[in-house]
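Trainee: Give me coordinates for this.
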Amino acid sequence: MTPAFRLIAATGIHRGDREYQQDQVTLLSHPRFHGCVLGVVADGMGGRSGGRKASDQVMLTARQLFERYSPETDDAAALLKHLVQEAHIVIRLTALSAEQEPHSTVAAFIINPQGECHWVHAGDSRIYHFDGPRLVFRTSDHSYVQALVDRGEITEAEASNHPRSNVLVGCLGADAEPPATAHHIRRLRPGDALLACTDGLWHYFTPAELATAVHSLGPRDASELLIEKARSRARGGGDNLSLIVVKIETLADPQG
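Mentor: So this is what the prediction gives:
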């Protein structure tokens, strides 16, 4: 970002109505490059401890790779793809040494100091890009129902209530190589916002509702509101949920 802009951000996580927490979320500022951040959400699956081990591994891999990353010389898209591949390998090795079958989704983004943004995802954790109250783009889930939507067999609204809405066709830790779908934003600008979240959150909202909450509130208040509303709409049957909200805003003119 140029000196005229700044990033404001918040994270949120809730166990929902599950007995244990398998989601993980992190938002890291680079230790050497001001204005460079990494955000990651991961939804672990596979028994009481298996899913948590998987999402923990995603976070550990992300931190290790980001510590060595230089926005001046390194390729952010390549780092994110490496994150998916490396975490997948370690999760698979964990499965060989344990009775659980650990799996995880991932949705991760890097914002470089001048506002360039890269993201990657695998599974049904999502990233949304908003311009004010308008949805610009979102990830497309690696799921059975998303394939039905893409083929025109069901609508987006029908997908939310489909009995197989939780069936993934790609994630980390599965037998097949994970998908690593990438997206690039040349430059984020004031008024832009990113929302990364697991399906325990987005399942209960339309894109317009998410855009309105993120646009009208600060990141912390938006995170708290979305968690509260998701919990209410889950009616006692909610999944783990986690989210990151990042907004780009113009700094006030000190001469004004």
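Trainee: buried stuff in stretch 158-176?
Mentor: 159, 165, 168, 169, 170, 171, 172, 173, 174 (16 or more other Cβ atoms under 10 Å). For glycine as for every other residue, the C-beta is placed from the backbone atoms N, C-alpha and C.
Trainee: Let's see the distance spanning that stretch from one end to the other.
Mentor: End-to-end distance for stretch 158-176: 28 Å, by Cα to Cα, to the nearest Å.
Trainee: List the neighbours of it that are in contact with it.
Mentor: Here stretch 158-176 makes contact (Cβ atoms under 8 Å, 6 or more residues apart in numbering) with 45-46, 54, 58, 84, 87-88, 91-92, 94-95, 101-106, 122-124, 141-149, 154, 178-179, 199, 203.
Trainee: on that earlier part again, looking at the buried residues of stretch 158-176, which are in helices?
Mentor: Of the positions in those, residue 159 sit in helices, assigned by DSSP state H.
Trainee: quick one: which of the buried residues of stretch 158-176 is nearest to residue 65?
Mentor: Closest approach between these and residue 65, by Cβ to Cβ: residue 172, at 14.5 Å.
Trainee: gap between the closest one and residue 161?
Mentor: From residue 172 across to residue 161, the span is 27 Å (Cβ to Cβ, to the nearest Å).
Trainee: I'd assumed residue 176 was in a helix, is it?
Mentor: No - counting by DSSP: H, G, I helix; E, B strand; the rest coil, residue 176 falls outside a helix, being coil.
Trainee: one step back: which ones among the contacts of stretch 158-176 are found in strands?
Mentor: Counted as lying in strands by DSSP state E, out of the contacts of stretch 158-176, are 45, 103, 104, 106, 122.
Trainee: Distance-wise, check the second one relative to residue 96.
Mentor: Which is residue 103. The value you get for residue 103 to residue 96, if Cβ to Cβ is used, is 14 Å.
Trainee: can you give me the mean pLDDT across stretch 69-78?
Mentor: Averaged over stretch 69-78, pLDDT sits at 98.
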